[in-house]
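1. Have a look at this fold, sequence not included:
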């Protein structure tokens, strides 16, 4: 335990980081997984900080839905990055090992165990249910939300039920282009 | 029709305005209606702009839950303001006419009709379901959201289902005290 740790608190094994775009009503994608409303802004957003963020993580964890969406892209966007897919159904299935550095794991505990065993500490967590699982487990430390100026009414929510209030420290908020805003938070305690 | 109105668009009868505090996960209150997490910040927020906003509206419309919450306050906070309560069950009930300038109405159409007949144009709309009804009816023009740095996990959501995407113009975002942020939007079209 480092000298800065408050007495009685154990350091979590990972620093889970969320860097996500949402609608103003908190959806990360439509019900069908599309995020056309998000990419419509394109270059008009300006510098979002994503590349710098992506370079800062040792690995990423995604859910099955995110994996399927990303896998359908013409080019694998996570080239050179260790990727763990949290999915009961994907374990052992054909194709998962085709992407280099990508493995599937049935449980959150197994994902964490694998990451710790590999010495990976700063982890990019993506996908609604996966983010919520990590949050409830107290494994999310940083959250950056880029908000689009649109209400969708329905979709895949970023946040979900918790066991209790989660308090955050507001790190900063800035305006991007096309009416987008970006806020960063540090998770303090709770969940 | 004024010379500035786009061809084919009719001016809505009201300018509905939302000025609301939410958790980072989009709740305006806990399931039981409490917003302890919001008032906990108190004076640390600094100037929120609420007083100026409140002075700018000709009337306010609230739902039954908001009315009941506010009525339990030691002092009626809407003194001097015309208040319409949107509630089927409250119409004709004892007590509703005890507050000056307060009436209950069973339907959104009746609320709008009453406001138009009274010549009231700029209207403060409050309460989750009431805001959602006005939004779906295309009667919300301005939305100011003050966001608390906390996740509640569950509660009364600000936004709900819509008939389609609602596009907004981002007017501005600023940081308040205690880690709160405040963003203002103008509703462009949709719903």
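-> Ah, there it is. Since the model is a prediction, treat every value here as computed from it, not as a measurement.

2. mind checking which helix or strand of chain A has the lowest mean pLDDT?
-> Least confident helix or strand of chain A, by mean pLDDT, DSSP states H and E, is helix A:36-39 with a mean of 82.

3. Counting by contacts, list what the helix or strand that comes right after that helix packs against.
-> Sequence-wise, the next helix or strand downstream of helix A:36-39 (DSSP states H and E) is helix A:50-56. Counting contacts by 3 or more C-beta pairs under 8 Å, 6 or more residues apart in numbering or on different chains; DSSP states H and E, helix A:50-56 packs against strand A:15-22, strand A:122-126. Just so you know, the C-beta spots here come from the backbone N, C-alpha and C atoms, and that holds for glycine as well.

4. how much does the shortest one deviate in direction from strand A:15-22?
-> The reference is to strand A:122-126. 30 degrees (axes from the mean of the first three to the mean of the last three C-alpha atoms, to 10 degrees).

5. ok, back up a step: turn the helices and strands packed on helix A:50-56 into a markdown table, columns for distance to residue B:144, mean neighbour count and mean pLDDT.
-> Below are those laid out as a markdown table (distance: least, C-beta to C-beta, whole Å; neighbours: other C-beta atoms under 10 Å in any protein chain shown; pLDDT from 0 to 100):
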| stretch | distance to residue B:144 | mean neighbour count | mean pLDDT |
| --- | --- | --- | --- |
| strand A:15-22 | 18 | 22 | 97 |
| strand A:122-126 | 30 | 22 | 98 |
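
6. Which among the ones you listed is found nearest to chain B?
-> Of all those, strand A:15-22 sits nearest to chain B, with 9.6 Å by C-beta to the nearest C-beta.

7. Could you spell out the sheet neighbours of that closest one, each with its direction?
-> Using DSSP bridges, the strands paired with strand A:15-22 are strand A:122-126 (parallel), strand A:140-147 (parallel).

8. from the chain's centre, how far out does that strand sit?
-> 4 Å (C-alpha atoms, centre = their mean, to the nearest Å).

9. Tell me the helix or strand right after it.
-> With secondary structure assigned by DSSP H and E, strand A:15-22 is succeeded by strand A:27-29.

10. re earlier: tell me what the least confident helix or strand of chain A is packed against?
-> Applying 3+ C-beta pairs under 8 Å, 6+ apart, one finds that helix A:36-39 makes contact with no other helix or strand.

11. contact partners of it?
-> A:21, A:23, A:30, A:148, A:150, A:152, B:165 (C-beta atoms under 8 Å, 6 or more residues apart in numbering or on different chains).

12. can you pull the buried residues of that helix?
-> By 16 or more other C-beta atoms under 10 Å in any protein chain shown, the buried positions in helix A:36-39 come out as A:37-38.

13. same deal with stretch A:153-160?
-> Result for stretch A:153-160 [16+ other C-beta under 10 Å]: buried residues A:153, A:155-160.

14. Just put these in TSV and tack on pLDDT.
-> Compiled in TSV, the buried residues of stretch A:153-160 are given as follows (pLDDT from 0 to 100):
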residue	pLDDT
A:153	97
A:155	97
A:156	95
A:157	97
A:158	98
A:159	98
A:160	97
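
15. of the residues you listed, closest to residue B:60?
-> residue A:153 (24.4 Å; C-beta to C-beta).

16. Show me what from chain A comes close to chain B.
-> A:24-26, A:37, A:135, A:145, A:147, A:149-154, A:158-170, A:172-173, A:175, A:179-181, A:183, A:185, A:190 (C-beta under 8 Å from any C-beta of the partner chain).

17. ranges for the helices of chain A?
-> A:36-39, A:50-56, A:64-71, A:108-117, A:128-136 (DSSP state H).

18. Now do the longest one: everything it contacts.
-> In this case it means helix A:108-117. A:13-14, A:58-59, A:61, A:84, A:86, A:103, A:105, A:121, A:123, A:133-134, A:137, A:139.

19. what's the answer for the third one, then?
-> When contacts are taken as C-beta under 8 Å, 6+ apart, the neighbours of helix A:64-71 outside the stretch itself are A:29, A:33, A:62, A:76-78, A:85-87, A:89-90, A:95, A:99, A:126-130, A:156.

20. so who does residue A:21 touch?
-> Neighbours of residue A:21 in contact, by C-beta under 8 Å, 6+ apart: A:28, A:35, A:38, A:145-148.

21. Swap in 7 Å and give it another go.
-> Contacts for residue A:21 (C-beta atoms under 7 Å, 6 or more residues apart in numbering or on different chains) come out as A:28, A:38, A:146, A:148.

22. For the third one, give its distance to residue B:111.
-> Look at residue A:146 and residue B:111: by C-beta to C-beta, to the nearest Å, they are 36 Å apart.

23. more crowded one of those two?
-> residue B:111 (25 against 21; other C-beta atoms under 10 Å in any protein chain shown).

24. Throw the helices and strands packed on helix A:50-56 into TSV and include distance to residue B:51, thanks.
-> Putting those into TSV (distance: least, C-beta to C-beta, whole Å) gives the following:
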stretch	distance to residue B:51
strand A:15-22	30
strand A:122-126	41
